[in-house]
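In: only geometry, no sequence info:
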């Protein structure tokens, strides 16, 4: 096969594969989820004197939480450097977003030994934590 043709076709396939992973959100139709679910959103302000190595180590907290069976989904990331506006607060270091099928599963998560041990291990990394829980689709 011609290398140029292979590279061109390979690039097209990579783009298509990337597009296949995008989940569409239709804001004008029925809810995306058949049932309401609990959204657990947590903001962390890490201590300002943490080294980049320690900050990287902190992500182990999220990896530990990911082992908990009652969690439906878990994502995390650093604050984005978006444009400054009056309504934007990106002063936090990390955000954690988890979903649970219902409040009972979130309650199990709160008492889970993995959760409690992770807090014990990593709480020295943060100065402040703020939690927002919402029933989505309700």
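Out: It's in. For clarity, every value in this text was computed on a predicted model and none was experimentally measured.
In: tell me which element the closest residue to residue 65 other than its chain neighbours is part of?
Out: Counting by Cβ to Cβ, 6 or more residues apart in numbering, residue 65 lies nearest to residue 118, which is 5.8 Å off, once chain neighbours are set aside. Where C-beta positions appear, they are placed from N, C-alpha and C, glycine not excepted. Assigned by DSSP states H and E, residue 118 belongs to helix 113-122.
In: so which elements touch that helix?
Out: Helix 113-122 is packed against helix 60-65, with contacts defined by 3 or more Cβ pairs under 8 Å, 6 or more residues apart in numbering; DSSP states H and E.
In: so what touches the helix it packs on?
Out: Helix 60-65 has contacts (Cβ atoms under 8 Å, 6 or more residues apart in numbering) with 71, 74, 76, 94, 96, 98, 114-115, 117-118, 121-122, 125.
In: again, but for stretch 128-136
Out: So stretch 128-136 is contacted by 33, 36-45, 92, 99, 103, 106 (Cβ under 8 Å, 6+ apart).
In: related to what we said a few turns ago, from the contacts of helix 60-65, which single one is nearest residue 50?
Out: Nearest to residue 50 out of these is residue 125 (Cβ to Cβ; 6.4 Å).
In: can you get me a residue count around the closest one?
Out: Counted with other Cβ atoms under 10 Å, the neighbours of residue 125 add up to 18.
In: now for it: which residues touch it?
Out: Contacts of residue 125 by Cβ under 8 Å, 6+ apart are 46, 47, 50, 54, 57, 58, 61.
In: what about the helices in this structure?
Out: 3-20, 52-58, 60-65, 103-111, 113-122 (DSSP state H).
In: residues of the third one that come out buried?
Out: In this case it means helix 60-65. Using 16 or more other Cβ atoms under 10 Å as the test for burial, helix 60-65 gives 61, 62, 64, 65.
In: show me how to select, in PyMOL, the buried members of the contacts of stretch 128-136.
Out: In PyMOL, a selection of the buried entries from those looks like this (16+ other Cβ under 10 Å):
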select buried, resi 37+38+39+40+42+43+44+92+99+106
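In: residue 118 and residue 137: what is the separation?
Out: To residue 137, residue 118 is 28 Å away according to Cβ to Cβ, to the nearest Å.
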